[in-house]
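In: for reference, the sequence and a predicted model appear below.
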Amino acid sequence: MSALFPRTRVGGMSLPRMIVGQDWMLGYSHISPAAEELIHSYHHSRESIAELLEAFLAHGVDALMGLFLGRQIILDAMKLAEDRTGKSRSRSSAPGHGIVSAASGPSSQRGRLIDSLTLRALQ
């Protein structure tokens, strides 16, 4: 196994110094429609997104940040990657938006708001 990515503590919680974002998984390049089309050609299914997440998990990068509400493909891919690797990840929502557990789904009322200065993982 390769070396794990360095970690730090935030609010008493261990986090990798790299946090995975969702833009490239969902096709948001912020560059051009052509770039977004290219992203979609690679990451168009929960399986392809899960493969990407598995690569991060293999190196100890187990924190994912983004919008989870209404993003079932991300929740499904996270669950698939966790099932395949036996590793779980921290999930933090973008500031000001609800956090949703992969187990409870987006319709759950278990979501919590995240403080924009500290990242909190779901329990």
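Out: That came in fine, so what should we check first? Note that the structure is a prediction, hence the values are computed from the model and not measured.
In: just the helices in the chain please.
Out: Counting by DSSP state H, the chain has helices at residues 23-26, 33-42, 46-58, 72-85.
In: so how far is Trp24 from Glu54?
Out: 15 Å (C-beta to C-beta, to the nearest Å). No exception for glycine: its C-beta is placed from N, CA and C like everyone else's.
In: what is the neighbour count of Ser32?
Out: Around Ser32 sit 9 other residues, with neighbours defined as other C-beta atoms under 10 Å.
In: list the beta-bridge partners for the most centrally placed residue in the chain.
Out: When C-alpha atoms, centre = their mean is applied to the chain, the residue found nearest the centroid is Leu64 (2.9 Å). Listed by DSSP bridges, the beta-bridge partners for Leu64 are Val20, Arg91.
In: same question for Arg7.
Out: When bridges are called by DSSP bridges, Arg7 pairs up with Pro16.
In: distance of Met18 from Ile49?
Out: As defined by C-beta to C-beta, Met18 lies at a distance of 17 Å from Ile49.
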